[in-house]
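Student: have a look; sequence and predicted model below, questions after that.
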2 protein chains.
Amino acid sequence: MKIGIIGVGLMGGSFALDIKVPFPSSVTYGIDDSFKNLQKAKEIGLIDFIISYNDLHKMDIILVAVPVNHSLSLIPKVLDLVNSNALVFDVGSTKEAICELLSNHPKRGNYLAAHPMAGTEFSGPEAAQKGLYVGKTNIICEFEKTDIKLRKIALKIFNSLNMKTIYMDPKSHDVHVAYVSHLSHISSFMLGKTVIEKEENENNIFDLAGSGFESTVRLAKSRPETWTPIFLQNKGNLVLAIEEYISNLSLIKELILKENEVELSEILNNTNRIKEILNNKLKDEK
Amino acid sequence: MKIGIIGVGLMGGSFALDIKVPFPSSVTYGIDDSFKNLQKAKEIGLIDFIISYNDLHKMDIILVAVPVNHSLSLIPKVLDLVNSNALVFDVGSTKEAICELLSNHPKRGNYLAAHPMAGTEFSGPEAAQKGLYVGKTNIICEFEKTDIKLRKIALKIFNSLNMKTIYMDPKSHDVHVAYVSHLSHISSFMLGKTVIEKEENENNIFDLAGSGFESTVRLAKSRPETWTPIFLQNKGNLVLAIEEYISNLSLIKELILKENEVELSEILNNTNRIKEILNNKLKDEK
């Protein structure tokens, strides 16, 4: 199996590592705008060979793992170049724009819209890690629009990585990830910004970071080139999510100001439910 | 060394475990409103003996590790009960109110205002863990108001746990922790609330939680009985911090709405500095 990886960073590189476990005879081929990243990816064993777009027609599987704004210009071209039996899938964090864009593409059947719930705050080939995809939830959108033969191949790949596949329409996908993923990034970035602005002496930040700040601000380390386009592509849903978040922050601020201990405790208690919700998740994964 | 622990939960229980490493011959005595917690603490080896307030005068060191509202009523009484050579310290997350309250207490010299930057989102005796205090930053306020002999004992204890002691006046302490700790908890709790409200089907939350939500919402698992009083005691500073946070969220919302990619990227890039700030911390700890 010849696997082309377009974008040999965290997501592309980790896939290249993971896929070799269930499919040890597969060969990975890398394409990237950055030649430095390509060389690094080859050097550290993420990909076997460096190729160009002219070689794409030789690939069986092509993963597009680039920022979602680049996907919009790139995936249509990639589909034009691949052979008619090839499966092209992406791992972008937004799905409505790309599915809409490709809806009338002559090779729509060769494309699968995927979004694995996997990642870290790091980026580039050196951020790639074995096991990143293993056991994770994978959202597939408009599965029925992918050729039936390629659907089987896609599921074979995802199942081989023990991924939990769930199906959503692109609109619902973008709504849900606005809340569960994109808003987390916004809240973390703005927390980082607020604290940096206040603490002119950065020593205070790192001396005091122990008490919960580090994990809450982790996502603020994420790559702007990845996240700016995601925020913009999911503008409609994300703006609503931010507004609801602000409204909850204003509510708690008022309760603190009024020293309304009863309602304050009640809100914290209700939100504690997140513990059970995420514990169920852990149980579910076992 | 006889060590009394008032409040045998996460903070008290972990201290009881940690202190036995450098001081293996010390004996730990527990007091708690909850007899169930006391029994559990004894059963799992956090404390050697259960005592009552009548025995407090026999202790050399007394740690008060209860919610900060209880501290305000409890610490003055504890000071009344202890012998004149005993060191009483607390580990509460706010320092202005307690320092103010004790400023004229006849035994003010027996008290040390401490705030170790350590903790987890869990609570109760079973949440206690060995090493929780080791190597952490410890903020001490109004050190000069503690008896000079007891200061030496306190530093001996904190140094034996490799803690990094920093000194702050209570007012500054409460301002800094409002931003670096308390705001993190508010942002996390309100993120949890916003997502729970939106996702009526909780399966969606745990299926999609992979992409960063889990770490950002971790602090929303924290105990309301601990955090409600902290938020209320640090009302003035925290309300300002929340307002600045809301103002940053409104700013990024506007930039997304206007699709202002340049300013959006710039803000994310600037906030990425948190990576270096926290890396320095890690280097510093090594």
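Tutor: It's in.

Student: list the contacts for the closest residue to A:Gln129 other than its chain neighbours?
Tutor: Closest residue in space to A:Gln129, ignoring its immediate chain neighbours: A:Ser14 at 5.5 Å, by CB to CB, 6 or more residues apart in numbering or on different chains. Any C-beta I mention is one placed from the backbone N, CA and C, and that applies to glycine too. Counting by CB atoms under 8 Å, 6 or more residues apart in numbering or on different chains, A:Ser14 makes contact with A:118, A:128-130, A:132-133.

Student: hey, C-alpha coordinates of whichever strand or helix holds A:Ser14 in PDB?
Tutor: In this assignment (DSSP states H and E), A:Ser14 forms part of helix A:10-19. In PDB, the C-alpha atoms belonging to helix A:10-19 read as follows (Å, rounded to 0.1, in the frame of the first residue of the first chain):
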ATOM      1  CA  LEU A  10       2.000  16.500  13.900                       C
ATOM      2  CA  MET A  11      -1.100  14.900  12.300                       C
ATOM      3  CA  GLY A  12       0.500  13.700   9.000                       C
ATOM      4  CA  GLY A  13       3.700  12.400  10.700                       C
ATOM      5  CA  SER A  14       1.900  10.600  13.400                       C
ATOM      6  CA  PHE A  15      -0.400   8.900  10.900                       C
ATOM      7  CA  ALA A  16       2.700   7.800   9.000                       C
ATOM      8  CA  LEU A  17       4.000   6.200  12.100                       C
ATOM      9  CA  ASP A  18       0.800   4.600  13.300                       C
ATOM     10  CA  ILE A  19      -0.200   3.100   9.900                       C
END
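
Student: pLDDT averaged over the next helix or strand after that helix - what is it?
Tutor: Downstream of helix A:10-19, the next assigned helix or strand under DSSP H and E is strand A:27-31. For strand A:27-31, the mean per-residue pLDDT is 98.

Student: what comes up buried for strand A:27-31?
Tutor: By neighbour count with 16 or more other CB atoms under 10 Å in any protein chain shown, strand A:27-31 contains the buried residues A:28-31.

Student: next, whatever residue of the stretch 51-200 of chain A ends up closest to chain B: phi, psi?
Tutor: Ranked by CB to the nearest CB, the top residue of the stretch 51-200 of chain A for proximity to chain B is A:Met117, at 3.3 Å. A:Met117 adopts backbone torsions of phi -80, psi 70, taken as degrees, to the nearest 10.

Student: give me the neighbour count for the nearest residue to it once chain neighbours are set aside.
Tutor: Leaving aside its sequence neighbours, A:Met117 sits nearest to B:Gly210 (CB to CB, 6+ apart; 3.3 Å). When neighbours are counted by other CB atoms under 10 Å in any protein chain shown, B:Gly210 registers 21.

Student: Three-state assignment for B:Gly210, please.
Tutor: At B:Gly210 the chain is in coil, as set by DSSP: H, G, I helix; E, B strand; the rest coil.

Student: quick one: the strands in the stretch 51-200 of chain A, in order.
Tutor: Taking DSSP state E, counting those that start in this stretch as the test, the strands found in the stretch 51-200 of chain A are A:61-64, A:87-90, A:111-116, A:137-141, A:164-168.

Student: for the longest one, what is the average pLDDT?
Tutor: Right, the one you point to is strand A:111-116. Averaging pLDDT along strand A:111-116 yields 98.

Student: ok, it: who's next to it in the sheet?
Tutor: strand A:87-90 (parallel), strand A:137-141 (antiparallel) (DSSP bridges).

Student: okay, the angle between it and helix A:10-19?
Tutor: 90 degrees (axes from the mean of the first three to the mean of the last three CA atoms, to 10 degrees).

Student: mind listing residues that contact strand A:111-116?
Tutor: With CB under 8 Å, 6+ apart, strand A:111-116 has contacts from A:11, A:75, A:79, A:87-93, A:95, A:98-99, A:102, A:105, A:133, A:136-143, A:145-146, A:150-151, A:154, A:158, A:163, A:170, A:173, A:177.

Student: hmm, try it at 7 Å
Tutor: The contact list for strand A:111-116 (CB atoms under 7 Å, 6 or more residues apart in numbering or on different chains) reads A:75, A:79, A:87-93, A:95, A:98-99, A:102, A:133, A:136, A:138-142, A:146, A:150, A:154, A:163, A:170, A:173.
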